[in-house]
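> Here is a sequence together with a model predicted from it:
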Amino acid sequence: MWEFPQLAQFVHLSLRALNILEVPLYEMERMLLVPQSSETLAMLMTSLVSSPLVRMKLADLPPMPYHMWTAKLAARVQLWYRAYARERGCTQRLLETQGIEPTFWQVVGTSNPFEKRLFHQLSFYERVWMVKTMCDFLFHSHKSLQDCVMEAATAEPRETVVGRDRHGFEYLHFPQLLVRDVRLYRRGRLSGSRTGSTTPSTPVKPADPPDEDTRMSAADEDSRQWDDEDSRMSDENESRMSVASDEDSRVTNMDGEDSVSHLLEDGEKPAPVKAPPTPPAACHTA
């Protein structure tokens, strides 16, 4: 799958903006095989579904549990499908406005899959495209991510073409992505329906998931911490709004006092404000 090296390269170049640890390519392949138990996927998706402000605090927070980040992802995907309906299925327009490639709608479908299925119930290829499209959307929408990727790309080595076979396929190596092992990716010729595709040379065997009770206990604890963080941020916002309101009221009162006092002589008190006279009742003629 050519999507894997592209996805891995994006994550590698945007590590500073995403505020996460390095994700090796082999781990990126494994995490989508076991999405419910993968801590690496939880770390990555927590960053992708968080706001830039929360993303800055990820070092002090645990990764979101599976049910939380999938719910946030589903909410985002719902907005994509609303845009798809609003644009009447014009995928080129969605590429320009949302950064969503037309292939996403071909792979995942033109109806929201989260209406009937959960993330782990999607096919492996659909999961890959769901995560890849989330990265594409953020890169298209967030200037900070664009700047981070562009800045890192200038200092990083690009892929290396190590050779071609007699059928015209190119074999690529990504030195910046493969630290613990060496892999070659085959890039197809510029003909056919899936141009420019690359396929990994070695399959990855999924690891055994952790014990169910242990996983659920850890997920509950992470949920409580994220609920506390959301509550704290809400309280901070309300406090800032209250302080701003009090300050505006104080300034208004001071302005009102100054506007009266500068017109009076020393020792003179302002005259009481009289109520306006009551208008006479309307007269009726026979």
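Now that the structure is in, tell me what you want to look at.

> Count the neighbours of residue 120 for me.
13 (other Cβ atoms under 10 Å). To be clear about C-beta, it is placed using only N, CA and C from the backbone, and glycine gets the same treatment.

> is it true that it touches residue 32?
No: counting by Cβ atoms under 8 Å, residue 120 does not reach residue 32; the two are 9.8 Å apart.

> which neighbours do those two share?
Common neighbours of residue 120 and residue 32, counting by Cβ atoms under 8 Å, 6 or more residues apart in numbering, are residue 127.

> Contacts made by stretch 93-107 with the rest, please.
Here stretch 93-107 has contacts from 80, 83-84, 87, 89, 91-92, 125-126, 129, 133, 136-137, 139-141, using Cβ under 8 Å, 6+ apart.

> Only alpha carbons, please: show that stretch as CSV.
Taking C-alpha atoms only, stretch 93-107 is exported to CSV below (Å, rounded to 0.1, in the frame of the first residue of the first chain):
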residue,chain,number,x,y,z
ARG,A,93,-14.6,20.6,-4.9
LEU,A,94,-14.1,18.7,-1.6
LEU,A,95,-10.5,18.2,-2.4
GLU,A,96,-10.1,22.0,-2.8
THR,A,97,-12.1,23.0,0.3
GLN,A,98,-11.5,20.1,2.7
GLY,A,99,-8.3,18.4,1.5
ILE,A,100,-10.1,15.1,1.0
GLU,A,101,-8.9,13.0,-1.9
PRO,A,102,-11.5,11.6,-4.3
THR,A,103,-10.2,8.1,-3.6
PHE,A,104,-11.6,8.4,-0.1
TRP,A,105,-15.1,8.3,-1.3
GLN,A,106,-14.4,5.3,-3.6
VAL,A,107,-12.8,3.3,-0.7
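
> Which neighbouring elements make contact with the helix or strand containing residue 80?
Taking DSSP states H and E as the criterion, residue 80 maps to helix 66-86. Packing partners of helix 66-86 (3 or more Cβ pairs under 8 Å, 6 or more residues apart in numbering; DSSP states H and E): helix 39-49, helix 91-98, helix 124-141, helix 212-261.

> for it, which positions count as buried?
For helix 66-86, the neighbour count (16 or more other Cβ atoms under 10 Å) marks 66, 68-70, 73-74, 76-77, 80-81, 84 as buried.

> Now for the residue lying closest to residue 39 once chain neighbours are set aside, which secondary structure element holds it?
Excluding its sequence neighbours, the residue lying closest to residue 39 (Cβ to Cβ, 6 or more residues apart in numbering) is residue 63, at 6.4 Å. Here residue 63, judged by DSSP H and E, is contained in no helix and no strand.

> Might you report the residue contacts of residue 63?
Contacts for residue 63 (Cβ under 8 Å, 6+ apart) come out as 39, 42-43, 45-46, 69, 222.

> Taking these together, which two end up most distant?
Using Cβ to Cβ, those span at most 12.7 Å, a distance reached by 45 and 222.

> thinking again about what came up before, taking helix 124-141 as reference, get the angle to the helix holding residue 80.
Following axes from the mean of the first three to the mean of the last three Cα atoms, to 10 degrees, one obtains 70 degrees for the angle between helix 66-86 and helix 124-141.

> Can you check what angle separates helix 66-86 from helix 91-98?
Going by the same axes, to 10 degrees, helix 66-86 makes 120 degrees with helix 91-98.

> ok, residues contacting helix 66-86?
With Cβ under 8 Å, 6+ apart as the test, helix 66-86 has contacts from 35-36, 42, 45-46, 48-49, 63-64, 94, 97-98, 100, 105, 110-112, 114, 118-120, 130, 133-134, 137, 219, 222-223, 226.

> Buried only: go through those residues for me.
Neighbour counting by 16+ other Cβ under 10 Å classes 35-36, 42, 45-46, 48-49, 63-64, 94, 98, 100, 105, 112, 114, 119, 130, 133-134, 137, 219, 222, 226 among these as buried.

> which regions of this structure sit below the pLDDT cut-off?
Residue ranges of the chain with pLDDT under 70: 153-159, 175-181, 189-286.

> could you redo the last one with a cut-off of 50?
Within the chain, the segments meeting pLDDT under 50 span 192-210, 212, 214-215, 251-271, 273-286.

> How is residue 171 assigned, secondary-structure-wise?
Three-state call for residue 171 (DSSP: H, G, I helix; E, B strand; the rest coil): strand.

> hang on, the earlier thing: can you dump the C-alpha coordinates of the helix holding residue 80 into CSV?
Only the C-alpha atoms of helix 66-86 are listed here, as CSV (Å, rounded to 0.1, in the frame of the first residue of the first chain):
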residue,chain,number,x,y,z
TYR,A,66,-10.7,3.8,22.2
HIS,A,67,-14.3,4.8,22.6
MET,A,68,-13.4,8.4,23.1
TRP,A,69,-11.2,9.1,20.1
THR,A,70,-13.4,7.0,17.8
ALA,A,71,-16.4,9.1,18.9
LYS,A,72,-14.5,12.3,18.1
LEU,A,73,-13.4,10.8,14.8
ALA,A,74,-16.9,9.9,13.9
ALA,A,75,-18.1,13.4,14.6
ARG,A,76,-15.5,14.8,12.2
VAL,A,77,-16.4,12.3,9.5
GLN,A,78,-20.0,13.2,9.9
LEU,A,79,-19.1,16.8,8.9
TRP,A,80,-17.2,15.5,5.8
TYR,A,81,-20.4,13.7,4.7
ARG,A,82,-22.5,16.7,5.2
ALA,A,83,-20.1,18.7,3.0
TYR,A,84,-20.3,15.8,0.5
ALA,A,85,-24.1,16.2,0.4
ARG,A,86,-23.9,20.0,0.3
